[in-house]
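> Sequence and computational prediction follow.
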Amino acid sequence: DAGVIQSPRHEVTEMGQEVTLRCKPISGHNSLFWYRQTMMRGLELLIYFNNNVPIDDSGMPEDRFSAKMPNASFSTLKIQPSEPRDSAVYFCASSSGFDTQYFGPGTRLTVL
Amino acid sequence: EDQVTQSPEALRLQEGESSSLNCSYTVSGLRGLFWYRQDPGKGPEFLFTLYSAGEEKEKERLKATLTKKESFLHITAPKPEDSATYLCAVQPNSGGYNKLIFGAGTRLAVHP
């Protein structure tokens, strides 16, 4: 199994630009999670999808962040406009129901 | 409020020097407790799930144990390749979905 796939692995952008992060979950998993990891705050859940439907987006920091899951194989996390404080590593994870969450390799975002 | 505290924040060991990492938690009801390993620049990698007090799981030099208030990750005769950040996460009964609450992690360095 290929595991969770994320792209790009690294993204450097300037403040005000739109950033789109992509995730392909493990085939057969019906739950998808987006996390953000920083030194100060550790791993934080941003949003959770179940069967492609957003269930809990209470962790999304503000309206500049949005996420979609158009089908079971693909999800995006978009930041528009980006700000330097958005710099972090963003992880996507997937699971089958309440089973183990498996994480992707992450996207390291740097906003200048 | 559900909370996870890991200690110590950082641990330096000599190769072969056994030790334990602690994960203390407060949660209204525990569905499961997860241990992950995270190497620099990579996503968290699943190690163990524990579901009930008294349960133990082992993998190579690692053994995880669970009580009603905390979990320990015991490392026996560690090797330099065991150097990583170890994350603990609790999965509450409440919330209705596969929500994980992560601790800040313990950074382990094993020196030859």
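Structure's in. What do you need? For clarity, every value in this text was computed on a predicted model and none was experimentally measured.
> The residue of chain B found nearest chain A and A:G3, how far apart?
Nearest residue of chain B to chain A: B:G43, at 3.6 Å (CB to the nearest CB). C-beta: built from backbone N, CA, C; applies to glycine. Per CB to CB, to the nearest Å, B:G43 is found 9 Å from A:G3.
> just B:P8 next, same as before
Distance from B:P8 to A:G3, by CB to CB: 31 Å.
> The one residue in chain A that gets nearest to chain B bridge partners, please.
Closest contact between chain A and chain B, by CB to the nearest CB, is at A:F103 (3.6 Å). Judged by DSSP bridges, the bridge partners of A:F103 are A:A93.
> Contacts only, for it.
A:F103 sits next to A:V4, A:Y35, A:F91, A:C92, A:A93, B:Y36, B:G43, B:P44, B:E45 when contact means CB atoms under 8 Å, 6 or more residues apart in numbering or on different chains.
> Just give the nearest non-adjacent residue to the residue of chain B closest to chain A, would you?
Using CB to CB, 6 or more residues apart in numbering or on different chains and skipping the chain neighbours, the partner closest in space to B:G43 is A:F103 (3.6 Å).
> circling back: just the buried subset of the contacts of A:F103, please.
With burial judged by 16 or more other CB atoms under 10 Å in any protein chain shown, the buried subset of the contacts of A:F103 is A:V4, A:Y35, A:F91, A:C92, A:A93, B:Y36, B:G43, B:P44.
> any idea which helix or strand carries the residue nearest to the second one when sequence neighbours are not counted?
Ranked by CB to CB, 6+ apart and with sequence neighbours excluded, the top spatial neighbour of A:Y35 is A:F91, at 4.4 Å. Taking DSSP states H and E as the definition, one finds A:F91 inside strand A:88-95.
> before we move on, the earlier item: among the buried ones among the contacts of A:F103, which pair sits farthest apart?
A:C92 and B:Y36 (14.8 Å; CB to CB).
> Run through chain B and note the low-pLDDT ranges.
B:95 (pLDDT under 70).
> Residue numbers of it in contact with chain A?
Counting by CB under 8 Å from any CB of the partner chain, chain B comes close to chain A at B:31-32, B:34, B:36, B:41-46, B:49, B:87, B:91, B:95, B:97-100, B:102-105.
> Up against chain B, what does chain A have?
Checking chain A against chain B by CB under 8 Å from any CB, the hits are A:4, A:31, A:42-43, A:45, A:48, A:50, A:55-56, A:91, A:93, A:95, A:97-106, A:108.
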